[in-house]
Structures are given as structure tokens and as C-alpha cells.
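**Q** Model the structure of this input:
(chains A, B and C)
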Amino acid sequence: MTGAHVVLALDLLGTVTFALNGALTATRRVRLDIVGVLALGVVTAIGGGLVRDVLLGATPPAALEHWYYLAAAGAGAMAAWAIARPPRALHRVIVVLDAIGLSVFAVAGAHKAMELGLQPVAAIIMGAITAVGGGTLRDVLVGDVPSVLTSELYAIPALVGAAVAVVAGGVTHHTAPAAVVGAALCFAIRLVGVRFDLHAPAREPRGPRNG
Amino acid sequence: MTGAHVVLALDLLGTVTFALNGALTATRRVRLDIVGVLALGVVTAIGGGLVRDVLLGATPPAALEHWYYLAAAGAGAMAAWAIARPPRALHRVIVVLDAIGLSVFAVAGAHKAMELGLQPVAAIIMGAITAVGGGTLRDVLVGDVPSVLTSELYAIPALVGAAVAVVAGGVTHHTAPAAVVGAALCFAIRLVGVRFDLHAPAREPRGPRNG
Amino acid sequence: MTGAHVVLALDLLGTVTFALNGALTATRRVRLDIVGVLALGVVTAIGGGLVRDVLLGATPPAALEHWYYLAAAGAGAMAAWAIARPPRALHRVIVVLDAIGLSVFAVAGAHKAMELGLQPVAAIIMGAITAVGGGTLRDVLVGDVPSVLTSELYAIPALVGAAVAVVAGGVTHHTAPAAVVGAALCFAIRLVGVRFDLHAPAREPRGPRNG
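**A** Predicted coordinates for the structure are as follows:
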């Protein structure tokens, strides 16, 4: 098993988890039929990569060209439909697997953007979009303000991980170790954030036109 | 009049109907000015095809390259503005015309995706996105959870029709008959669904973090 | 300083203003953390151009290829975070600068679409999307119905300006003067609309399925 196999395995693990978690999250607040549950699971899993590939002009997107991405996303979403009411213990597992997906997607997304010639800052943003874009689309589709914009420490670890991968990879020309360090840092910050309930500073709403 | 003319005529009929229906649906719940009514009608009519073409890299999208798509969509949306309060009888006509649009869009969208080299499952999903994507965009823009995700038997006929067209076309190499059969099946399932008020199984919301 | 420099300067001025205004608007109604404020400012500033470039197949989009667009957008959004509660006087300055951005984006967007071979009507719509697309994305992300669809005289000046630029440029082959006239007209209509509180005709909601 080469390094590329490991990356693909982690990528697919992230895809399954994002779909499972995405579909479970979507059904928390809104009544959805089976089409909605499956669609929102799949959108959560592959939506970020679709947005990245469309912005990069790398069409058709990887998630539509290789059957295993849709298969992994569909499997995760179907599992969510089957589980319906996830037990408490599953929640913890999902948090860890979701952090793996976040890390892999952020670093791999930034790497692909660099390879396709984007400048570093744009590539870092592409990495974060790959990681958080699917969940953002899901939240918009069910009428929620995306949690990534309001409260959760979710985009920041993705940005940090992508930045480390891009900058360290660019400086040292050792892209693979830089990617591993970036992903590990993203994973660590995300889990520390969940464990200690950390939040970025926020602004309270001011109301219409009062300032 | 060749087969291609028939397909184009049905395609434009679907475009007009989607725009009319989309604009009337958008004005049910939200106050919109004339820009909003026209924009949402046009988005409903051509939005699914835009998403498909962007994902396939077939840019500029067909709906922007050929003047008659924008003209048809604009005409339908303007009709909705002029009608304002549709009489009961119109509703029935719209349901039938909308089902024609759904069927043509699903089959034609899947066909285009196959031609551009997508694998069958992705092509079937592209067909469904062509058919339901515009209405989904409209619902998101007016702040509704897309009805295609919650209740209506709308995506399933599109998926079935696209699947039949793709699979039968791939197996028999008679793409035109396969497309007609797929579209007819989509049309029939959709109308049976409306007539008998059929719904796919659904999940009730669980509330925040209780499971 | 050539004409191209003037256009770029106005383009970046518009980008900064859109980001500042967009981030301030987003924090009016919704609680956002710093990631959300920055992301929504940047989306407001470059979102319309991204949608235009993706639809035209001009990828990667200009806003991601040239560092100064992201820098300008980021600066505007960070200024919004720093200001937090804008004083009354700033509001007036923003309205004028925002109208400049609207005008430049509408005309430049339509021009780019024409250059990439779109037909005139589609190019005019691309101009309007460039100008109003970012604000529309922002409103959708914070759960508002986009104000451009409901009340503000915002899309109409953009459409008029883009139409004048496209038609006058196409007829006279003097694209630069046509663009200046189109932008000036857009700017004037927008400010007259704000000053006299003008609105396009609108439709009141009819409620579910009652017509």
C-alpha cells in the first residue's frame, strides 16, 4: 500500500463520515423524505470538492468522475437513514472521523489548487472550501445559517492545516511531509476545540439599520 | 419536423412552464418586486441546466448560448407577473406541462452527461439535477426548504426516467427509444404521484442534539 | 495612468466597499464569529464575479488568480470587523462607494461576457449578476431573502448600465465611451433611487395554494 492508497483511503473514510454526519445533522431540525436525506448526505460529503473543482475549472469534478466517491457518499447517507436515531456513543466516533475528513479534505483541496496553478492564499481558501463547503451547502438547503459562520471552530483548523501544508510544502519542497503535518495540526486543533468548547470571537446582531 | 425539432420544442415548452410555475410559486409566500419575480422564474427554468453544464464543464451553458432559452424563460416569468392570481383551472394545466418539463429535462440532462463522458450513476444524478435543480435554487432564494427534499414525489420520477434512459440506452444502443421510454415513465410516475398524493417515506425532525 | 489603471482602481475600490458593506449588512441580523464576518464580506465582494466566471468557463476566476482582489476584499471585511458599529456618517459614504462598485461591476461584467462570446442579452444578465450576485449569496447564507429580489432598486440600474454599455458599444464600436456612459447611468439611477426611496412594482404574497 503506497502513500497514494493511504490518502485515498482517508479521503473515502472522510467522505463516508461527512455523508453520515451530514444526513444526521440535516434531519435534526427539518422533516425530510428519503430523497432529502440521501441528497443532503451526499451534498455534505462531496459538495465542498464540487465547489472547489468548479472554481478551479477541473471539470467534471473528481467526485463525479470516479464511482467510488458517489458510492462512499451514498453509503454514508444510507447508513444515516437506517440509523435514524444515533446512539450517544456513535456521536463521539463521528466527531473523530469527521475531524479526519476535515483534515484530509483541507490539505488535499489546497494541494489540488496549488497543482492547478492557484496562488498560495487562494489555494489555502480552496482547501478550507473543500473541507467546509459541503456542510455549508447542507445548512443553506435546510434553511440554517451555516454553523461554520456562526460558532463552531471548524473553518479555522481547516485554514491552519491548509496554510501549513501550502507554506511548508512551498518552502521545503517536501509536499508529502508538509501535508501530513498540516493535516495533523488541523485534526488536533479541531479536537481540542470540541473538547474544550472553544469559539472564535463573535459579533452580536445589531438589528436593522440601527448602526 | 425531425426528432431533434420535437425534442427542442418540448424542451422550450418545459422551459416556459418551469418559469411560469416557478415565478407563481415564488410569489406565494414572499413579497417580490418585478425583478424578483422575473429572476426567480428564469432561475427555476434554466437553473438546473446551468448547474449541470457548470459541473460538466460545458461552458458557457446552453441556456446562455442560445437566445431562445432565455426568451422562453423570460416569457414564462412575464406571464406569471401578468397573471398574478392564477385561476384554479390553470393549476391543472401547469401540473401536466410541468411534468412534461420534468421528464424532458431529466432525460435530456442525463443524455448530455453521458455524451460528455460521465459514468452512468453520475449521469443519472445529472439528469435529476437538470430537472429539479432550478426549483431547488428558487426555494433556497425565497428561504424555503426545497420541496423536492421534503415531501413531493418529484426527484424520484426524474431519477427513474433518467436511469431508464441511461441503462436502456447503454444496453440496447437505441438511445432515442430509450429516452422516450424513460421520459414517458417519469411523466407517468409524476402524474400518478400528484393524482394519488403519494409521498416517499420521511424522517421527522429530532430536535437539536438529542440523538 | 492609463484607462486600464483607472478601471482596475475603481474595480478594487468597489471590491473593498462591497466587502465592508457586505460584512456590516451580514452582522445586522445574525450572530457571526470572525470567520463568518470575513467570509461573508469576501463573498459579497467577489461572489458575483465568481459566479460570472464559472458560468463563462473563465476559470480559475479572476478574483482567485490575482492576489489584489482577495487582498482588497479581505481588507474591507476586516475593516467591518474592526468598526463593528458604523457611525451614521459612514453609511452615506458607503452608499456612494457601493454605487460606484455596482456600476463598475455591471459594466465590466457585461464587457467580459461579450468578449468571451456571449450573446448580448446573456451578457447584460452576466453584468447584473457580477454586480448583485455577491450580495445575493450573502443574503442566502444568512437566511434572508435577497433584498435585490424584494425591494431595493439595485438590479435595475445594473441591468440598465450593462445594457447601455453592450448596445452602445456594439452599435458604435466605441466600447470604452459606451462603458463610461453605461456606468454613469447605473450610478445615477442607483443614487436617485436611494435619494427618493424608489421601488419597482411588487407582488404581495398570496399564501399557500390559494390561487
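
**Q** Does the residue nearest the centre of chain A belong to a helix, a strand or coil?
**A** Among the residues of chain A, A:Ala131 comes closest to the average C-alpha position under C-alpha atoms, centre = their mean, at 2.8 Å. Secondary structure state of A:Ala131, per DSSP: H, G, I helix; E, B strand; the rest coil, is helix.

**Q** ok, it - contacts?
**A** A:48, A:101-103, A:105-106, A:109, A:155, A:158, A:162 (C-beta atoms under 8 Å, 6 or more residues apart in numbering or on different chains). Heads up, the C-betas are built off the backbone N, CA and C, glycines and all.

**Q** Compare those residues and tell me which is most surrounded.
**A** The most neighbours of any of those, using other C-beta atoms under 10 Å in any protein chain shown, belong to A:Ala106, which has 36 neighbours.

**Q** And it, its phi and psi?
**A** For A:Ala106, the backbone dihedrals (degrees, to the nearest 10) come out as phi -60, psi -50.

**Q** I figured it hits A:Ala184, correct?
**A** No. A:Ala106 sits out of contact with A:Ala184 when judged by C-beta atoms under 8 Å, with a separation of 11.5 Å.

**Q** how much space is there between the closest residue to A:Gln119 other than its chain neighbours and B:Leu116?
**A** Ranked by C-beta to C-beta, 6 or more residues apart in numbering or on different chains and with sequence neighbours excluded, the top spatial neighbour of A:Gln119 is C:Trp67, at 5.5 Å. C:Trp67 sits at a distance of 33 Å from B:Leu116 (criterion: C-beta to C-beta, to the nearest Å).

**Q** The two - which one has more neighbours?
**A** Taking neighbours as other C-beta under 10 Å, C:Trp67 and B:Leu116 compare with B:Leu116 leading, 17 against 12.

**Q** isn't the more buried one right next to A:Pro60, touching?
**A** Yes. Counting by C-beta under 8 Å, a contact exists between B:Leu116 and A:Pro60, whose distance comes to 7.2 Å.

**Q** Quick check: neighbours shared by these two?
**A** Taking C-beta under 8 Å, 6+ apart as the contact rule, B:Leu116 and A:Pro60 both touch B:56-57.

**Q** which residues does A:Val42 contact?
**A** A:19, A:70, A:73-74, A:77 are the contacts of A:Val42 under C-beta under 8 Å, 6+ apart.

**Q** Now it: which helix or strand?
**A** Take DSSP states H and E as the rule and A:Val42 turns out to sit in helix A:34-56.

**Q** Checking A:Ala58 next. Helix, strand or coil?
**A** Applying three-state DSSP: A:Ala58 is coil.

**Q** in stretch A:77-87, what's buried?
**A** Residues A:77-81, A:86 are the ones in stretch A:77-87 that count as buried (16 or more other C-beta atoms under 10 Å in any protein chain shown).

**Q** elements contacting the helix or strand hosting A:Lys112?
**A** Per DSSP H and E, A:Lys112 falls inside helix A:88-115. The helices and strands touching helix A:88-115, judged by 3 or more C-beta pairs under 8 Å, 6 or more residues apart in numbering or on different chains; DSSP states H and E, are helix A:3-29, helix A:34-56, helix A:120-141, helix A:155-172, helix A:175-195.

**Q** And the last one, what's buried?
**A** Residues of helix A:175-195 classed as buried: A:175, A:178-183, A:185-187, A:189-191, A:193-194 (neighbour count, 16+ other C-beta under 10 Å).

**Q** tally of neighbours for the residue nearest to A:Met78 when sequence neighbours are not counted?
**A** Computed as C-beta to C-beta, 6+ apart, the closest residue to A:Met78 that is not its neighbour in sequence is A:Leu38, at 6.8 Å. Neighbourhood size, A:Leu38 [other C-beta under 10 Å]: 22.

**Q** which ones are touching A:Leu38?
**A** Contact partners of A:Leu38, counting by C-beta under 8 Å, 6+ apart, are A:23, A:74, A:77-78, A:81.

**Q** pLDDT score for it?
**A** On the pLDDT scale, A:Leu38 is placed at 96.

**Q** Low-confidence regions, chain A specifically.
**A** Counting by pLDDT under 70, the low-confidence segments of chain A come to A:1, A:208-211.

**Q** What parts of it come near chain C?
**A** Residues of chain A lying close to chain C by C-beta under 8 Å from any C-beta of the partner chain are A:54-57, A:116-119, A:121-122, A:125-126, A:136, A:140, A:143-146, A:148-151, A:155-156, A:199-209, A:211.

**Q** From those, list the buried ones, please.
**A** The neighbour count (16+ other C-beta under 10 Å) marks A:54-57, A:116, A:118-119, A:122, A:125-126, A:136, A:140, A:144-146, A:148-151, A:155-156, A:200, A:202-203, A:211 as buried among the residues of chain A next to chain C.

**Q** pretty sure A:Phe187 is touching A:Phe105, no?
**A** No. Taking contacts as C-beta under 8 Å, A:Phe187 lies outside contact range of A:Phe105: 11.5 Å.

**Q** now stretch A:61-80, how far from the chain's geometric center?
**A** Relative to its chain's centre, stretch A:61-80 lies at 14 Å (C-alpha atoms, centre = their mean, to the nearest Å).

**Q** Please apply the same query to stretch A:57-71.
**A** Distance of stretch A:57-71 from its chain centroid, counting by C-alpha atoms, centre = their mean, is 16 Å.

**Q** Same question for stretch A:4-21.
**A** 10 Å.

**Q** Distance check, A:Val194 against chain B.
**A** When distances are taken as C-beta to the nearest C-beta, to the nearest Å, A:Val194 and chain B turn out to be 13 Å apart.

**Q** Repeat that for A:Leu13.
**A** From A:Leu13 across to chain B, the span is 21 Å (C-beta to the nearest C-beta).
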